[in-house]
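Asker: Test case, fold it:
(one chain, ligands or ions: 2)
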Amino acid sequence: MPISTNNQTDEFEQLQNQLQKEVTEIENWWSEPRWNQTRRNYSAKDIALRRGTFEPVTYPSSIMADKLFKVLDKHNNDGTASRTFGAMDPVQITQMAKYLDTIYISGWQCSSTASTSNEPGPDLADYPMDTVPNKVDHLFKAQQFHDRKQFEVRGNATSQSQLNEMGPAIDYLTPIVADADAGHGGLTAVYKLTKMFIERGAAGIHMEDQTSTNKKCGHMAGRCVIPVQEHINRLVTIRMCADVMNSNLIIVARSDSEAATLISSTIDVRDHYFIVGATNPDLEYSLSETLELAISQGTDGNKLSQIEKEWSEKAGLKLFHEAFADAVTNDSKITNKQAIIEQFNSKIGPLTETSNREARQLAKELLGYELYFNWELPRVREGLYRYRGGTQCAVMRARAFAPYADLVWMESNYPDYEQAVEFAEGVREKFPNKWLAYNLSPSFNWQKAMSVDEQFTFIDRLGKLGYVWQFITLAGIHTTALSINAFARDFKQDGMKAYAQNIQQREMDEGVDVLKHQKWSGAEYIDGILKLAQGGVSATAAMGEGVTEDQFKEKSKL
Ligand SMILES: C[C@](O)(C(=O)O)[C@H](CC(=O)O)C(=O)O
Ligand SMILES: [Mg+2]
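Answerer: Ligands and ions are numbered 1, 2, ... in the order given. Sure thing, here's the model as predicted:
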């Protein structure tokens with residue numbers, strides 16, 4: 001609480017003492033093994049100064065982050081993986097809790113089914129920024145409710161054998177990892193978004209290196225990444241917010257650079273190797289000028305695509321190292337072509353983090369002239385630069401993000417095992433124990449991608465590479481769509497027979513607890529509160545005499 005003093009000199013001393021106490025506590029916190037792989041570019045005092053006078057609290061989400069850390073650490077040590085999928089509602093998470101050790105909350109699923117504006121749409125993260133945090137709140141509250149419900153039942157058991165009859169307890173408090181998209185704006189938005197996630201129950205969040213203004217689903221075209229440093233700043237902001245909030249939040253840094261075709265700026269030299277330029281010095285106009293000219297002359301959309309295609313072919317779009325190799329190959333004066341190319345590539349590569357200036361300088365030394373290369377001319381009409389990432393680009397970025405995140409994730413277009421090996425080896429060559437995340441996306445055609453046996457072993461094989469957290473992002477919508485499609489069809493066809501045989505009987509056969517939906521919903525738990533509040537008896541108890549759920553008792557008359 002604010003320091004109350006009766007004169008100015010006391011306040012200064014008390015403030016300094018309070019700050020020093022806080023700083024010491026933060027430094028002790030940061031000295032724990034949890035932070036062995038975490039880099040911070042700010043001091044404990046920087047954090048203490050921003051915490052205010054309220055005593056630091058431990059958010060439930062931080063307790064869940066500790067649980068998540070332990071789950072992932074064990075998987076990493078065992079060479080296995082936490083497997084989960086995108087959950088949409090309390091029914092799904094209570095069923096998942098029986099079998100899985102983490103829960104994923106997908107922005108894609110929220111975009112289509114749970115925007116806080118109630119406006120559905122594709123995964124462009126153009127929903128209100130509290131959408132995914134709101135879903136975290138929705139599901140975390142449900143987890144805690146079902147945990148309380150179960151605890152009361154088991155706590156009322158009068159013997160171990162009675163507990164044994166109930167079967168093993170279900171751990172409903174399954175850590176949630178949520179989708180923070182591209183941060184929904186600048187760094188202050190990233191900060192506020194992180195605060196929402198911590199306040200509402202996320203044990204971890206993932207954030208991708210796309211621009212927030214052009215954000216696309218990771219399996220759509222037209223993805224634009226931001227410069228490496230800009231995403232590092234986002235990750236630092238997330239950690240800083242978590243530090244101010246005394247939270248052990250798990251951070252997953254995702255890169256969409258493997259398949260991105262655009263980048264917002266050339267400012268970070270680590271990106272230069274992957275930025276596409278024109279190599280034809282005779283181009284009169286840039287692409288944008290060419291298109292604007294055509295539009296001013298009334299050219300329509302279809303023709304514009306053709307004009308863009310023709311311009312691109314004429315421009316000779318390449319990466320700089322490709323332009324250099326072509327120049328050497330086509331230079332009759334150079335005899336040891338391969339050696340010269342290898343000499344260049346040994347200094348200018350996807351992981352060397354060298355600038356285009358250095359590349360140009362080396363090229364001039366080796367060629368004897370200035371190599372023409374212009375990345376301004378191919379910029380698209382939105383002003384974005386052309387980018388050609390690939391797996392090694394994702395490795396470069398993941399290495400840059402690694403000190404600021406607990407896991408790194410390369411968004412891929414296919415479930416390509418060899419590519420996953422390349423990424424894992426690339427990251428772990430520099431960060432041997434870095435945890436990796438893998439998106440087992442329903443955006444992939446799994447039947448086409450691999451055999452049934454490979455499907456069966458895929459998660460385990462990736463687990464051995466360090467992919468400790470693997471998730472089917474959209475399994476929540478797909479399982480719901482499949483089951484509702486089947487039931488609605490059968491219900492139309494067979495009436496209540498469809499429900500009784502295909503749903504209720506199957507719930508009984510498979511021991512699904514939702515069969516007794518009043519009990520599942522916590523009616524007995526709430527009755528207990530009602531009775532307790534009324535001295536132990538209540539005529540309005542929900543589960544009293546006459547409740548229809550009695551029909552599901554073994555000896556019921558029905
Ligand atoms: C993981 C993801 O960000 C999500 O919102 O679920 C999407 C889903 C997907 O396409 O698998 C993404 O990968 O961008
Ligand atoms: Mg998403």
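Asker: Could you list the contact residues of the stretch 151-300 of the chain toward ligand 2?
Answerer: By the rule Cβ under 5 Å from the ion, the part of the stretch 151-300 of the chain lying against ligand 2 is residue 179. In short, each C-beta sits where N, CA and C put it, glycine included.
Asker: which bits of the stretch 151-300 of the chain sit near ligand 1?
Answerer: 179, 217-219 (Cβ under 6 Å from any ligand atom).
Asker: These in strands, which ones?
Answerer: Using DSSP state E, the subset of those located in strands is residue 179.
Asker: if I pick the closest residue to residue 384 other than its chain neighbours, what's in contact with it?
Answerer: Nearest residue to residue 384 in three dimensions, chain neighbours excluded: residue 262, at 4.2 Å (Cβ to Cβ, 6 or more residues apart in numbering). With contacts defined as Cβ atoms under 8 Å, 6 or more residues apart in numbering, residue 262 is in contact with 214, 222-225, 380, 384-387.
Asker: in the sheet, who's paired with residue 262?
Answerer: Note on residue 262: beta-bridge partners by DSSP bridges are residue 224, residue 386.
Asker: how close does it sit to residue 234?
Answerer: As judged by Cβ to Cβ, to the nearest Å, residue 262 and residue 234 stand 18 Å apart.
Asker: same check, this time on residue 96
Answerer: Residue 96 sits 29 Å away from residue 234, taking Cβ to Cβ as the criterion.
Asker: again with residue 316
Answerer: Separation of residue 316 from residue 234 (Cβ to Cβ): 35 Å.
Asker: swap in residue 386?
Answerer: Shown here: residue 386 relative to residue 234, a distance of 23 Å by Cβ to Cβ.
Asker: Looking at these two now, which is surrounded by more residues?
Answerer: Ranked by neighbour count (other Cβ atoms under 10 Å), residue 386 and residue 234 place residue 234 first, with 29 against 22.
Asker: For residue 381, list the residues it contacts.
Answerer: Shown in contact with residue 381 (Cβ under 8 Å, 6+ apart): 287-288, 291-292.
Asker: at 10 Å instead, please
Answerer: Residue 381 is in contact with 287-288, 291-292, 295, 304, 308, counting by Cβ atoms under 10 Å, 6 or more residues apart in numbering.
Asker: What is the nearest of those residues to residue 464?
Answerer: Nearest to residue 464 out of the contacts of residue 381 is residue 308 (Cβ to Cβ; 44.6 Å).
Asker: Which strand or helix spans the closest one?
Answerer: Applying DSSP states H and E as the criterion places residue 308 in helix 301-315.
Asker: buried set for the helix or strand following that helix?
Answerer: Using DSSP H and E, the next helix or strand after helix 301-315 towards the C-terminus is helix 320-329. Buried residues in helix 320-329, counted by 16 or more other Cβ atoms under 10 Å: 320-325, 327-328.
Asker: now stretch 483-498
Answerer: Buried, per 16+ other Cβ under 10 Å, within stretch 483-498: 490-491, 498.
Asker: Off-centre distance for it?
Answerer: Its chain's average C-alpha position is 36 Å from that of stretch 483-498, according to Cα atoms, centre = their mean, to the nearest Å.
Asker: what's next to it, contact-wise?
Answerer: 499-504.
Asker: how about CSV for the residues you listed, with pLDDT, secondary structure and distance to ligand 1 added?
Answerer: Shown next, in CSV, are these (pLDDT from 0 to 100; DSSP: H, G, I helix; E, B strand; the rest coil; distance: Cβ to the nearest ligand atom, whole Å):
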residue, pLDDT, secondary structure, distance to ligand 1
499, 98, helix, 32
500, 98, helix, 35
501, 98, helix, 34
502, 98, helix, 30
503, 98, helix, 28
504, 98, helix, 32
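Asker: between those, which is nearest ligand 2?
Answerer: For these, the closest approach to ligand 2 (Cβ to the ion) belongs to residue 503, at 31.5 Å.
Asker: re earlier: list buried residues within the contacts of stretch 483-498.
Answerer: Here, 16+ other Cβ under 10 Å leaves 502-503 buried among the contacts of stretch 483-498.
Asker: Among the contacts of stretch 483-498, which one lies nearest to residue 446?
Answerer: Closest to residue 446, out of all of these and judged by Cβ to Cβ, is residue 502, at 25.7 Å.
Asker: Can you give me the separation between residue 207 and ligand 1?
Answerer: Separation of residue 207 from ligand 1 (Cβ to the nearest ligand atom, to the nearest Å) stands at 10 Å.
Asker: quick one: that residue is in a strand?
Answerer: Yes - when classified by DSSP: H, G, I helix; E, B strand; the rest coil, residue 207 is found to be part of a strand.
Asker: Against residue 66, how distant is it?
Answerer: Counting by Cβ to Cβ, the gap from residue 207 to residue 66 is 21 Å.
Asker: OK, contacts around residue 504?
Answerer: Contacts for residue 504 (Cβ under 10 Å, 6+ apart) come out as 496, 512, 515, 552.
Asker: And the last one, how far from residue 517?
Answerer: Using Cβ to Cβ, we find residue 552 at a distance of 10 Å from residue 517.
Asker: Identify the contacts common to those two.
Answerer: Taking Cβ under 10 Å, 6+ apart as the criterion, residue 552 and residue 517 both touch residue 507.
Asker: Compare the two (neighbour count), which wins?
Answerer: Using other Cβ under 10 Å as the criterion, residue 552 and residue 517 rank with residue 552 on top: 16 against 13.
Asker: Can you give me every residue that contacts the more buried one?
Answerer: 504, 507-508, 515-519, 558.
Asker: What score does it have for pLDDT?
Answerer: Per-residue pLDDT puts residue 552 at 80.
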